[in-house]
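Q: dropping the sequence and predicted coords here.
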Amino acid sequence: MDILPEYLITCFTTETPVNGWPDLFFIITPCNPHSMGERGDDADAIKTLSEQLTAAGYWQHPVDGSSPDGQHREAGFAIGGLDLEDALALGRQYQQNAIFSVTQGQLKIHGCFDGISAELSGFEERLREGA
């Protein structure tokens, strides 16, 4: 499956972490599996993912991904302390088509099932402060 065009224009809403952003982190949502529009289990999925990240000892910080106009929004986490393969495995576990990585401020998207990756832009350019 190709990366959906909507993913290429995703923006992110969050508060900046107290100690700043790590040099490498991933943004993963457990919401809306396979982008099918099924949102009934989103709250449980967020709770389960957070507990899983805590148990694994990963750094986590809430981050919502959204359309540029904010009409479509999905809760998720910035996650540090893991590598790309582990991040992709988490994305697949939560039936996500793609995840994002941020390496020293550079945003990249990665398909969870097909190995496609694409450079996007600077993370800060897509960051919207707020909850």
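A: Arrived safely.

Q: quick one: residues in contact with stretch 82-98.
A: Among residues not part of stretch 82-98, those counted as contacts by C-beta atoms under 8 Å, 6 or more residues apart in numbering are 1, 3-4, 7, 26, 28-30, 33-35, 45, 49, 52, 56, 58, 79, 99, 101, 109-113. For every residue, glycine as well, the C-beta is placed using N, CA and C.

Q: next, the distance between the ends of that stretch.
A: The distance separating the two terminal residues of stretch 82-98, taken as C-alpha to C-alpha, to the nearest Å, comes to 16 Å.

Q: what does stretch 3-11 give?
A: Between the opening and closing residues of stretch 3-11 we find a distance of 16 Å, counting by C-alpha to C-alpha.

Q: my read: Arg126 touches Thr13, true?
A: No - proximity of Arg126 to Thr13 does not meet the contact threshold set by C-beta atoms under 8 Å, at 9.7 Å.

Q: which one's the longest helix in the protein?
A: With DSSP state H setting the assignment, residue counts place helix 42-56 as the longest helix in the chain.

Q: quick one: Val102 from Gln71, how far?
A: Counting by C-beta to C-beta, to the nearest Å, the separation of Val102 from Gln71 is 24 Å.

Q: comparing those two, which residue is more hemmed in?
A: More neighbours surround Val102 than the other of Val102 and Gln71, with 25 against 7 (other C-beta atoms under 10 Å).

Q: and the more buried one, helix, strand or coil?
A: Secondary structure state of Val102, per DSSP: H, G, I helix; E, B strand; the rest coil, is strand.

Q: what segments of this protein are helices?
A: Taking DSSP H as the test, the helices found in the chain are 42-56, 84-93.

Q: okay, angle between the longest one and helix 84-93 too, please.
A: Our comparison of helix 42-56 with helix 84-93, counting by axes from the mean of the first three to the mean of the last three C-alpha atoms, to 10 degrees, yields an angle of 150 degrees.
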